[in-house]
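[1] no FASTA, just this:
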């Protein structure tokens, strides 16, 4: 039971919405109600080709999308497909705005064991936890077991066979999309970040490009991270090393952990041979499909 509670705490913090306050790079899209959004266009691949703009968008959820946001998605980005990586309870709590003539596909890419652990808490407990996110962070940030679970989140995602199947389905969906595609989770940083990483790898990006794009979510949530880590650093009753660990946990939960992401990329290399081989053998996205994806979304201009 205690392990389930700890898993639920990590999952709660991973899936809770923290509205960002700052733009994230020149590829950022300034929507009214869609957070942490950016166009994947403009990124340069290893062969010198560039991802086409106005076709591939990553973001947070669409529950607060305004009429203006919808018009932009339909007009500028020619949106026809949305991929939602949240689990059912998340999507029910903040359902995406329905946009006419857009196909919505739900693919929960969190391991089933984590989702079940979250569901094992009563609705009252979850509601109580979400009333003061700062208090929840402070409560768990110094717990070594929760810190370890946070570090294990990314490895759990990439090793889960159902998540692998769903990310492969996402890549094939992007390949066959008739118009623009948007993908998201709750905050558009972890699960959507991995979707972006796999897509960029399939398009031929090098590791630095993949990691840098993943890390941009930290710019979106920088103010929240700074405010919450400051609370940890004020704990004069705790040893400096423990405060560092707690601050790293908060940065990973509110933003993203570049270190955890890179460590998981290393894990993929060790366990599966390489990221391209992982795409082919674990996600089932063949070399031929990867070439077709590049032909569709890359340009030499």
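    Received it, and whenever you're ready, just let me know what you need. Fair warning: this is a prediction, and the values are worked out from it, not measured in the lab.
[2] if I read this right, residue 76 contacts residue 55, doesn't it?
    No - if you go by Cβ atoms under 8 Å, residue 76 and residue 55 don't touch, sitting 10.4 Å apart. Backbone N, C-alpha and C define where each C-beta goes, glycine included.
[3] And those two? Which one has more around it.
    For the pair residue 76 and residue 55, the greater number of neighbours falls to residue 55 (19 against 14), based on other Cβ atoms under 10 Å.
[4] ranges for the strands of the stretch 51-200 of the chain?
    For the stretch 51-200 of the chain, the strands identified by DSSP state E, counting those that start in this stretch occupy 56-59, 79-84, 103-106, 180-184, in order along the chain.
[5] want to try CSV for those, with mean pLDDT as columns?
    Formatted as CSV, the entries for the strands of the stretch 51-200 of the chain read as follows, by pLDDT from 0 to 100:
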stretch, mean pLDDT
strand 56-59, 98
strand 79-84, 98
strand 103-106, 98
strand 180-184, 98
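[6] As CSV, those strands with distance to residue 200 would be great.
    Output for the strands of the stretch 51-200 of the chain, formatted as CSV (distance: least, Cβ to Cβ, whole Å):
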stretch, distance to residue 200
strand 56-59, 10
strand 79-84, 15
strand 103-106, 20
strand 180-184, 12
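[7] Redo those strands as a markdown table? Include distance to residue 265 and mean neighbour count.
    Putting these into a markdown table (distance: least, Cβ to Cβ, whole Å; neighbours: other Cβ atoms under 10 Å) gives the following:
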| stretch | distance to residue 265 | mean neighbour count |
| --- | --- | --- |
| strand 56-59 | 18 | 25 |
| strand 79-84 | 22 | 22 |
| strand 103-106 | 26 | 14 |
| strand 180-184 | 19 | 24 |
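[8] Tell me which of those strands approaches residue 208 most closely.
    Distances from residue 208 to each of those were compared by Cβ to Cβ, and the smallest falls on strand 56-59, at 18.0 Å.
[9] That closest one - contacts with which helices or strands?
    In terms of contact count using 3 or more Cβ pairs under 8 Å, 6 or more residues apart in numbering; DSSP states H and E, strand 56-59 is assigned the packing partners strand 38-39, strand 180-184, helix 191-203.
[10] List the neighbours of it that are in contact with it.
    The set of residues external to strand 56-59 that reach it, using Cβ atoms under 8 Å, 6 or more residues apart in numbering, is 29, 31, 34-41, 73, 77, 79, 174, 180-184, 188, 192-193, 195-196, 199, 297.
[11] And the helices in the stretch 51-200 of the chain?
    Using DSSP state H, counting those that start in this stretch, the helices assigned to the stretch 51-200 of the chain run over residues 67-75, 88-93, 112-119, 123-130, 133-141, 144-159, 161-176, 191-203.
[12] picking that back up, the helices and strands packed on strand 56-59: which one's closest to residue 151?
    Nearest of the helices and strands packed on strand 56-59 to residue 151, taken as Cβ to Cβ: helix 191-203 at 15.3 Å.
[13] helix or strand right after that closest one?
    Toward the C-terminus, helix 191-203 is succeeded by helix 207-215 as the next helix or strand (DSSP states H and E).
[14] Let me know the average pLDDT across that next one.
    Mean pLDDT, taken over the full extent of helix 207-215, equals 96.
[15] related to what we said a few turns ago, redo the helices and strands packed on strand 56-59 as a markdown table? Include distance to residue 268.
    Shown next, in a markdown table, are the helices and strands packed on strand 56-59 (distance: least, Cβ to Cβ, whole Å):
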| stretch | distance to residue 268 |
| --- | --- |
| strand 38-39 | 24 |
| strand 180-184 | 20 |
| helix 191-203 | 10 |
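[16] Out of the ones you listed, which gets nearest to residue 150?
    Distances from residue 150 to each of the helices and strands packed on strand 56-59 were compared by Cβ to Cβ, and the smallest falls on helix 191-203, at 14.5 Å.
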